Each structure stands twice: as structure tokens, then as C-alpha cells.
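Q: with the input below, show me the fold.
(2 chains)
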Amino acid sequence: MDALNDKPMTRWERFKDNDIVWSFLGSPGAMIAAVVSTVMILACFFAPLIAPFDPFDPAQISLWDGKLPPAWVEGGQSQYVLGTDNQGRDMLSTILYGGRLSILVGLAAICLGMVMGVILGVIAGYVGGVTDAVIMRLADVQLTIPGILLAILINGIGRAALPLELREEFAIYVVILAIGLTDWPQFARVARGATLVETNKEYVQAARIIGLPSWLVMVRHILPNTLRPILVIATIGLALAIISEATLSFLGQGIPPTTPSLGTLIRVGNEYLFSGLWWITLFPAIALIVLVFSVNLLGDWLRDALNPKLR
Amino acid sequence: MSNLLEINGLNIEFPTRRGTVKAARDVTLTVNAGEVLGLVGESGAGKSTIGNAIIDLLERPGRVASGSIIFDGEELRGKNDDEMRSIRGDRIGMIFQDPQTSLNPLMTIGAQLVETIIKSTPKRGQEAEKHAVDLLEQVGITEAVARLKAYPHQFSGGMRQRVVIALALAGDPDLIIADEPTTALDVSIQAQILDLIKNLCRERNLGVIIVTHDIGVIANIADRVAVMYRGEIVETGDVAQILGAPTHAYTRSLISAVPRADAKLERFTSVDYIEGSATDFRRIDIQNHWLGETQNHNHDGPALEVENLNLSFVLKSAVLKRNRRMLKAVNDVSFSVQQGETFGLVGESGSGKSTVARLIAGLYEPDSGNIRVLGKDIGQARKTSESRAARQALQMIFQDPFSSLNARMRVLDIVAEPIRFYKLTENEAQTRKIVSDLLDHVGLGASAALRYPHEFSGGQRQRISIARALASRPRILICDEPTSALDVSVQATILNLLKDLQQELKLTMLFISHDLPVIRQMCDRIAVMRQGEICEIAEVEPFFATPQHDYSKHLLHLMPRMNLLTT
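A: Residues are numbered from 1 along each chain as shown, chains lettered A, B, ... in the order given. Here you go, the predicted model:
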């Protein structure tokens, strides 16, 4: 074999050699989606550095500047590129800060759902029997209830349980918990399916013959081999979680208007839509759609790239 | 008379991102009417590619770079898709490896046959149906009229392959390309199908190309043979000449690698033409080597004792016991293996031999019975420190080299796993030293340690598996069909390695295989299993000379004969 004579590849060479990277470089759609989502996510995270105003600083807000249209429309002012909202906050800055919150909540929620779902799914798949039945029936029951309803329910309970003065402060964590808890069944299902496949493979049997305890077999051997499909649904799930957060906020169940997320912005703007102040709701909506769409495209591409049958 | 099929200077390329792969290089072949041409070679030799190129079904991105394919006086290259479609099926029939996937499971046999007949002949309605019955009768299916209404799943594997052959014959072709037509079938059915193909070839004056990796198939059916090696045809000739007096070095080593059924050899000779076997097996000083440190087990009795082992699988579960359906996978199995002995377990698929191996390895819990390893009971109380030590003395090598290694771990971590888990060394540097020693010892070279499994071929992966098994310093090695997924030449090198290791480390081996010639080369004693029970336990040489049990005689009778192999 020639392969044995040359030196083993370095990390970087192996990265370049990777089929995923190769597939990525050959798919313009994925590259555009990646660039768009990366730019948006970076812009949101560096909002304090980029944004022309700080929407949370009362000194920078003046009600006199409220309800100004975008700069290119008659009556618009050049320092407020996308106009201002009813309180006189710069729309662009508010969208950047709001997007940061939306993405953070989405990421945290999906991580929560993923960790919970993957742990339960791998255990269900590997242990089997009664454990498997209990965990998976629980997931089935939860899947029969529409996710957003469940999120509203958890959110409601979470708020009611908190003392009044803490509600505002902890609203974000309650939303994260609500979305995360609705997301775990799909992760559990995928993780269990992948675990069942991997458990039957001979490398897992070899590990058991060596005498490794079950948890070590699961963590070291099964878990890394189930991560591919989980990565795919996590990406698509991130887009869904951002949408869920926006929906909750739009319904007034999510993030309070004092620290707006994209959903809250759309809701606030919605009230002024028929007064002709279209920019307050349109620009956050566009930002949300573009962000979710590009993350979703990325997830779709990832699913195709990681599926050996389609390669 | 001109040839039915003439291939001249055919080059096939697969452009990939890592450069162009030449799957076939300057291939020249002829097939005459009424003749079976065997195209033999190992995996990756390019034999299937040539079959696919003839009917223009090359897998993307493969393409014919140059050369000509002349079928019945007509050039096939450059024909458009419509023209090729009428040639496929009408003039050239195809038989594929897996009868399971070449039939549509949702259509009756009759409907599939009639569909093909209508497509490729002028026959319609009643006439087409009658033709379908004729075809089924020709391929030896009885009660053909009734069978037309059956679905593929109601047929056995051999019957299905007959239907596939009937489908191939539906358009009354002049040439049939059979790609590994019997590889997915049991031995006894294999012989029948090969006979059928040969008879059809003679009766209908067909040209047949059999693509196969199996020298036994070639010996049974082919008139002429073309041997392929890495995209090139290294030798073409009469079957008796190729098998009896091969001229090319590759053909010689290929034939010598086929396990002999008629005599036991010390080891496989002259298999040096094969990848990965260039390194010679170097003996180590077992007294002073890490591997030898557990040599002094003070146990005199048998290495492995199995007593009245039973295991049932639940086929259909129910609350009431009488409604449950159980399968007795292992039924009252007892045997013992002496230290340093190789004990073979033989049987057809489903006989329970692999289940016995997994019971002994502790992957399944027996319903009842005792298993003693070096005198220590591991049937019950598995979790004690004694059973832990016993388990360490026992390791397993699996069948499928592609799923038996964790793709996400480096070879170093795979082999070092038992060493690190049992803390067999004092520090990491020592572990690494031992791993590279082990890899070197199984013929891989120490640089293999930092690579990932996908960078290795099947035979090399099996060597990694062996190194991992040795890393626990086992006294007993269970080999579950260790070479049945490998090419015959690679099989020979792996079997040689196992033999060398056994002699050197005085290992006890439990060797499981369906392949009797392999068993004969490897084992001292064997047990024949059938439907979960042991039929016969015997010394290997007397067994092959005078089998006692009826089933043993049956198995030996089915063993492929290769009288032409006189080397």
C-alpha cells in the first residue's frame, strides 16, 4: 500500500481532505447561506461595537425622534438608516440587539434540548427494554401536543412560579427552558435510532468484550458515532427555535419589550402597521426570515452532505 | 465465424478529486456464442466495471476513455440511450448478485416477466403469459403456472435467482452478463444455478460472461478465463490451462491462496503478490516480551469448557407463556477446548455457531449452562474480579473489518484501549511503545498508529482487529468468520498470521467458519453445528476422510470440488 509509506496527515491536511469541506466548496447555495448567516450572527454578536445607537441607553433616545421613517423615505433622517420606532429608538440598532437576543435564546434552547434528548436517546437505545419503552413513550406523548402550545404552557407555569419582581429578569431563562423542553423528543428519537444501528456493530461488541463498563461504551464509542445526524437536526432545530422564540414573543408570552428580541419588535411594530408605520415591523421580520432561511439552507445542505446514500 | 463480443484496448477512467483512477487499462477480450467466459479477479480489480461498460451502465463519474466494444459486428460505443436501452434486455441480458434486490417486491413474478416480454418481444396478452410460463420451466421452476401469481418474498433465494435468470432470458438475448450470480447463495444452490447457466448457454448457443471473485465458480462453469489484476487482464486462456498451469505470477499466487479442501498444508505458500503482505513475520523472544508476561497461567485442564449451554430468542412475545414463540438458538451445547488447540465450529448460516461464540464472549447471557475459562466459571457471577481476569484471557476477532473498528478513533487509541483500561502499563510512553510493537508484529508498521481506520484496506483492518485482541494479552482467541469478508489472497495472509501468532503465543483458538476448506487448514478438532445443536465432534483429518453424522456427509458433499487444481 502506498498509503502506508507516506507520513500520516496533519490535522489541517485532514481537514482539507474531508468530504464535508469538499462538498461545501462545491455547493454555491450552502456557501451563500453560510456567508449570510455568519455575517448576521457576527453582526448581532458585535452589536455594541457596530450599532450606531444603544437602544438601552435612555440618554440616546429622544421621543422627538420617534416614528421617523427610513432614511430614503421623505421625512427620514440620515442618522436613522432604517427609521425609528415609537419610542424613538434607532431600528437598525434595535434589530442588531434584538437579533443577538433571539440567536442566544435559540442556541441555548437547542443546546438544552439536544443535551437532554441525546442523553435520554442513547440510554434508551443502548439499554433497551423497559427503560427504552418509558423514555420513548414519554417522547411520543409529548410529540402529540403541538410544540408551541407546550412552550406556552411551560412558560406560563415558569412565570407563575416566579415572584413578581424576578419575572422580568428571568423571563429569558424561562423562554429558553420552555423551548428546550419542547425540543428534546426529536433529538431523543434520532439519537436512539443511531444508537440502535451502532450498538449492533462489531466495534461496540469488541469494546464490551474488552470489559468496558456500559457508560464508557456509550460515551466513548456510541456517542461520537451518533453525532452526525444530531448535528443536522440541531442546525435545522436552531432555525425552528429562533422561530419559536419569535412566536412566543409575538404572542406576548416571551421576552418583555424592555429588552426586545426580534419577535417582540415584530409584535410592537404590528400595532403600528395600520397607522402607516410599516418599517417598525417589516425590517425585524425581514431580518428574522433571512436569518432562519439561511440557517435552514445550511441544515439542508449538511443533511445531504452527511448522508452517505446521497453522496 | 466472427466473435459475438469483441473488446479492444478498452480504457475506463473514473475522474475523482484525487486524480483519475484507471479502472480498466487496455482490456482486450472476446466472447464466442455458446461459450462461458469467466472474468476473475479480486475486489477492485475492475471486473464488474467491464461488465457495466459493455451495457453502458457505468457508475458516475466513470467513462470509457478509449477502445472499442463490438457486439455482433456493431460498435456499441457512441450509441445513444434509446439504442442502448433496446440492446440491453433484448440482445444482452443481465444477472446481478443479489436476487433480493433485482426483483420488485410489490409485483408478482408473472407481472414482472410479462412486462419484460412485452417490452422486448412482439408477444402480447395470452401469448406473453404462455412465454412467461415457458421461461420459468426452462429455468427449472416447477408448477410454473401457479407460480406466476406469487410474489418474490414467497420464493427462496435460489428460486429468486432462477426468476432473475428467466427475466434475463425474456428478450431472447445473445449474450448474458452475470455479475457474481451465486455469491449471495448457499453452496448447494450455487452448484444448481451454475449448472443451469451452463446448460442454457449450450442449448441456446448464448455467450456468457461470468464475473466472479471465486475460483471455485470458475472451475465449475467457465470454458475460458480472463484474470484481472488492478484494471489489467494479466492472463487469458483455457480454464484447464489457467487453473492447472498458470503462467503469470499473480494467477499463481491467487490459485495457491485458495484453501485446499483435499489436504492440510502447513501454511499458504507464495502469496507474496498481494498488498500488505510484504513484511515477513518476525518471531519475538516470548520470554522477555510484553506479550509473554501472562504465559504462566498455572492451569492444567482444558482452556475452555462449555457444558449444556442453552439460549432461546423470543420470536413473538406474549404475556401468556403458551402464546410465546421461541427459537432455540443454542440447544444443549457442550464441548471443551484443550490449551493450545484450534477448535473449529462449522455450520451453515443460522446454525447458531456465532451465537455460541457470543455466549462465550459474554455478549449474551445463557439461559442455562456453564462456561469455564481456564478453569474459572464465567457463566454466573460475571462481575467479580475473578471473572474480570477470566474475561481478559478471552478476546474475539470479528467478521466484518469495516464495522469492527470505531471510525472516530485513531488506530493507536483503538489498540491501546484495553491496555489503558486495565492499566497494563505504567505510563503513556510505554503504552505507545507497546502499541507500535503490536502493530509492527501483525505486519502493519508502526506509522499506522496515528491514522484512522478508513485509511486501511479490509485485510489491514483485520490486522488492526487482531492487534487490539492481542493487546489484552489473551490466552483464548475467538475468531468469528475472520476472513469471510476478505479476498482470497488476503484471507491466505491473515490465516497465515493467525497460525504464526498461535504457535508463537501458544494461543487457544475457537475458529468459527462456514468454509470447510478454511477449517481444514486451520483446525485440530471440529464440531459440526446444525439448528443450534452439535451433530458431531471429531479430529479434523478423520472427519474429512470418514464423516460419521449424515449431516456432516451432506456438508462435505456440497463442498466445492476443484479437481483441476493440481498445483
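Q: pretty sure residue B:398 sits against residue B:465.
A: Yes: under the criterion of Cβ atoms under 8 Å, residue B:398 makes contact with residue B:465 at 6.5 Å. C-beta coordinates here come from the backbone N, C-alpha and C atoms, glycine included.
Q: name the residue in the two with the higher neighbour count.
A: residue B:465 (29 against 25; other Cβ atoms under 10 Å in any protein chain shown).
Q: which single residue in chain A comes nearest to chain B?
A: residue A:202 (3.8 Å; Cβ to the nearest Cβ).
Q: so residue B:469, which of the three states?
A: helix (DSSP: H, G, I helix; E, B strand; the rest coil).
Q: what's across from the residue lying closest to it once chain neighbours are set aside in the sheet?
A: Leaving aside its chain neighbours, residue B:469 sits nearest to residue B:395 (3.9 Å; criterion: Cβ to Cβ, 6 or more residues apart in numbering or on different chains). Following DSSP bridges, residue B:395 is listed with bridge partners residue B:477.
Q: check contacts around residue B:395.
A: By Cβ atoms under 8 Å, 6 or more residues apart in numbering or on different chains, the contact list for residue B:395 reads A:209-210, B:468-470, B:472, B:474, B:476-478.
Q: now do it against residue B:357, distance only.
A: From residue B:395 over to residue B:357 the distance is 12 Å, taken as Cβ to Cβ, to the nearest Å.
Q: just residue B:164 next, same as before
A: 34 Å.
Q: which one of those two has more residues nearby?
A: residue B:164 (25 against 21).
Q: specify the local secondary structure of the more buried one.
A: helix.
Q: right, and it touches residue B:103 too?
A: Yes: look at residue B:164 against residue B:103 with Cβ under 8 Å: they come within range, at 6.7 Å.
Q: related to what we said a few turns ago, quick one, grab the pLDDT at the residue of chain A closest to chain B.
A: pLDDT, residue A:202: 89.
Q: next up, identify which helix or strand residue A:177 is on.
A: helix A:164-199 (DSSP states H and E).
Q: and residue B:311, by the same measure?
A: strand B:304-316.
Q: what packs against the helix or strand following that strand?
A: On the C-terminal side of strand B:304-316, the closest following helix or strand by DSSP H and E is strand B:325-337. Counting contacts by 3 or more Cβ pairs under 8 Å, 6 or more residues apart in numbering or on different chains; DSSP states H and E, strand B:325-337 is packed against strand B:304-316, helix B:353-361, strand B:533-539.
Q: any idea which of the ones you listed is most buried?
A: The highest average neighbour count among the helices and strands packed on strand B:325-337, using mean count of other Cβ atoms under 10 Å in any protein chain shown, belongs to helix B:353-361 at a mean of 23.
Q: returning to what we had before: find the residues that touch each one of residue B:398 and residue B:465.
A: Common neighbours of residue B:398 and residue B:465 (Cβ under 8 Å, 6+ apart) are A:206, B:404, B:482.
Q: now these as a markdown table including distance to residue B:87?
A: Formatted as a markdown table, the shared contacts of residue B:398 and residue B:465 follow (distance: Cβ to Cβ, whole Å):
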| residue | distance to residue B:87 |
| --- | --- |
| A:206 | 49 |
| B:404 | 43 |
| B:482 | 43 |
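Q: strands - which of these land there?
A: Residues of the shared contacts of residue B:398 and residue B:465 located in strands (DSSP state E): none.
Q: and which of those residues is nearest to residue A:228?
A: residue B:404 (19.6 Å; Cβ to Cβ).
Q: all the strands of chain A, in order from the start?
A: Under DSSP E, chain A gives no strands.
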